[in-house]
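Asker: Quick one: sequence and predicted model below, then my questions.
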Amino acid sequence: MKTTISTILLAATFILGTPAISKAQKNDTATLLSKNDTSIRPFHINIPQSQLDDLKKRISETRFPDKETVKDASQGIQLEQLKELITYWGNGYDWRKVENKLNALPQFVTKIDGLDIQFIHVRSKESNAMPVILTHGWPGSPLELINAIDPLTDPVKYGGKASDAFDVIIPAIPGYGFSEIPTETGWNPDRVARAWDVLMKRLGYKKYVSEGGDHGSVISDALAKQAPSGLLGIHLTMPATIPAELVKPINAGDPAPSGLSASEAKAYNAMSTFFGRNAAYGGMMVTRPQTTGYLLSDSPTALAAFLYEKIAEWSESDLHPENVIGRDAILDDITLYWLTNTGASSSRFYWENNKNNFSAEAQKTKDIKVPVAISVFPHEIYQAPESWSKQAYPTLYYYHKASKGGHFAAWEQPQVFTEELRAAFKDLRKKL
């Protein structure tokens, strides 16, 4: 039966000759119909020039602090280094280049659970390609994954076999990029994971795999715990493997206990340093995302410094990510946050999550029943030991140490990242 609420209301208006519903009722009807909309619409980016002009004006009016009092980055990004980036951002950078690059890709938007989810969807020309949903993190975005699209979808061109092909789906987490910003609480990793399954089914995929780093790892974990029909397995680059008994001593900064292997002690010390010296950004977003948002929404230089510090620190670049990721690519990501005004909303995702993303117990990894693959990159925040990984993920079937790369694996080393996914998901292709 194709009769809709709007059809009934229109008929009532026609028959009675007077308005059948109030303005408020019309709004309620529109909202109801919108929530039931399952259409997939093409998406095109066209940022008004006035916004780009305003950005450059704000950059030109930056008031910098005085120089750091140390000779290293222990107080944060050094003034000279940030000034160089900001000067180029205001005088040499061109947003239209990445806008055109994105518009050349198949981009779409669809409403799921009341929010418009924007995503990239590139199908491989190869038959029997494996559908994979790739999830970004912070301070990244879908942009950190786009250089992996070609080697994943066209493996023959990039040293692989036709049987290595993937169909690639890259959504923006709600409150990030061009996805809609939530206006209510509850958009945590579990809810995003449910939305991702809806998206994959809506695209017509009955079977698929999920991959993620940073937030993407947490969301992939959540998806695996939900184990929806058709999810064949997950791949993680930032797994939650810290044993329960080590969480408190790590957070307290206690020395590594005796009895740990060399790789376990290295991971312990890396995590202790992270929480003790480098995790203040997360504490701010977990506890006061709105306050942080005022800073990130009003000053482009503040936004750039906040994001760039972590891109520099977490990439395998000796604190100079331009040498690995590229200056323009870094500014593409920072500018995306600025133009979409998602400094606050992206911070709120930390508030919604509010769990230790590295703790196996906090992430309930032992509840995962689907196959799990882990790739450890040498400059990740910590290198998850194989022993901890097996303990945390009982269904672990693939563990490998990648040759190079850091926290932003696909952004820094798209070919290595691609090779890891090919190897990790090879055996699961039999289930397609």
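Answerer: The structure has been received and is ready for your questions.
Asker: Run through the residues that contact Asp328.
Answerer: Asp328 sits next to Tyr93, Lys97, Val98 when contact means Cβ atoms under 8 Å, 6 or more residues apart in numbering. Heads up, the C-betas are built off the backbone N, CA and C, glycines and all.
Asker: Run through the neighbouring helices and strands of the helix or strand where the second one lies.
Answerer: So that's Lys97. Using DSSP states H and E, Lys97 maps to helix 95-103. For helix 95-103, the packing partners by 3 or more Cβ pairs under 8 Å, 6 or more residues apart in numbering; DSSP states H and E come out as helix 327-340.
Asker: if you set the cut-off to 10 Å instead, what comes out?
Answerer: helix 49-60, helix 327-340 (3 or more Cβ pairs under 10 Å, 6 or more residues apart in numbering; DSSP states H and E).
Asker: what about those, which gets the closest to Gly160?
Answerer: The closest of those to Gly160 is helix 327-340. By Cβ to Cβ, the value is 23.7 Å.
Asker: and the angle for that closest one with helix 95-103?
Answerer: Using axes from the mean of the first three to the mean of the last three Cα atoms, to 10 degrees, the direction of helix 327-340 lies 80 degrees away from that of helix 95-103.
Asker: and the angle from whichever helix or strand comes after helix 327-340 to helix 327-340?
Answerer: Sequence order places helix 343-353 as the next helix or strand after helix 327-340, per DSSP H and E. In terms of direction (the same axes, to 10 degrees), helix 343-353 departs from helix 327-340 by 90 degrees.
Asker: could you point out which element follows helix 343-353?
Answerer: Next along the chain after helix 343-353, taking DSSP H and E as the criterion, comes strand 372-376.
Asker: which of the helices and strands packed on helix 95-103 sits most buried?
Answerer: Comparing the helices and strands packed on helix 95-103 by mean neighbour count (mean count of other Cβ atoms under 10 Å), helix 327-340 comes out on top with a mean of 22.
Asker: Pull the distance from that helix to the chain's centre.
Answerer: Chain-centre distance of helix 327-340: 14 Å, with Cα atoms, centre = their mean, to the nearest Å.
Asker: Kindly export that helix (C-alpha atoms) in PDB.
Answerer: Extracted in PDB, the C-alpha atoms of helix 327-340 (Å, rounded to 0.1, in the frame of the first residue of the first chain):
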ATOM      1  CA  ARG A 327      51.700  19.900   4.300                       C
ATOM      2  CA  ASP A 328      48.700  20.300   2.000                       C
ATOM      3  CA  ALA A 329      47.200  17.000   3.100                       C
ATOM      4  CA  ILE A 330      47.500  18.000   6.800                       C
ATOM      5  CA  LEU A 331      45.900  21.400   6.100                       C
ATOM      6  CA  ASP A 332      43.200  19.700   4.100                       C
ATOM      7  CA  ASP A 333      42.200  17.800   7.300                       C
ATOM      8  CA  ILE A 334      42.500  20.900   9.500                       C
ATOM      9  CA  THR A 335      40.500  23.000   7.000                       C
ATOM     10  CA  LEU A 336      37.800  20.400   6.900                       C
ATOM     11  CA  TYR A 337      37.300  20.700  10.700                       C
ATOM     12  CA  TRP A 338      37.200  24.500  10.300                       C
ATOM     13  CA  LEU A 339      34.800  24.700   7.400                       C
ATOM     14  CA  THR A 340      32.400  22.200   9.000                       C
END
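Asker: pLDDT of that helix, averaged?
Answerer: What helix 327-340 shows for mean pLDDT is 98.
Asker: what do you get for stretch 306-315?
Answerer: 98.
Asker: now swap in stretch 136-155 and tell me
Answerer: For stretch 136-155, mean pLDDT rounds to 98.
Asker: Offset the numbering so it begins at 238, please.
Answerer: Noted, 238 is the first residue going forward, which turns the last one into stretch 373-392.
Asker: And that stretch, what's buried?
Answerer: 373-386, 388-392 (16 or more other Cβ atoms under 10 Å).
Asker: Help me confirm that His637 is found in a strand?
Answerer: Yes - the assignment for His637 (DSSP: H, G, I helix; E, B strand; the rest coil) places it in a strand.
Asker: excluding its backbone neighbours, what's nearest it?
Answerer: Spatial nearest neighbour of His637, excluding adjacent residues (Cβ to Cβ, 6 or more residues apart in numbering): Ser612 at 5.6 Å.
Asker: So Ala549 sits against Ala310, correct?
Answerer: Yes - if you go by Cβ atoms under 10 Å, Ala549 and Ala310 touch, sitting 7.7 Å apart.
Asker: Can you work out which residues contact both of these two?
Answerer: Contact criterion Cβ atoms under 10 Å, 6 or more residues apart in numbering; residues shared by Ala549 and Ala310: Gln318, Leu556.
Asker: Neighbour count for the two, which is higher?
Answerer: Counted by other Cβ atoms under 10 Å, Ala549 and Ala310 do not tie: Ala549 has more neighbours, with 22 against 14.
Asker: Helix, strand or coil: sort out that one for me.
Answerer: Following three-state DSSP, the label given to Ala549 is helix.
Asker: can you pull the contacts of it?
Answerer: Contacts of Ala549 were listed using Cβ under 10 Å, 6+ apart, and they are 310, 314, 318-319, 322, 555-559, 561-562, 567.
Asker: Roughly how far does it sit from Glu298?
Answerer: Noted for Ala549: a distance of 24 Å to Glu298, by Cβ to Cβ, to the nearest Å.
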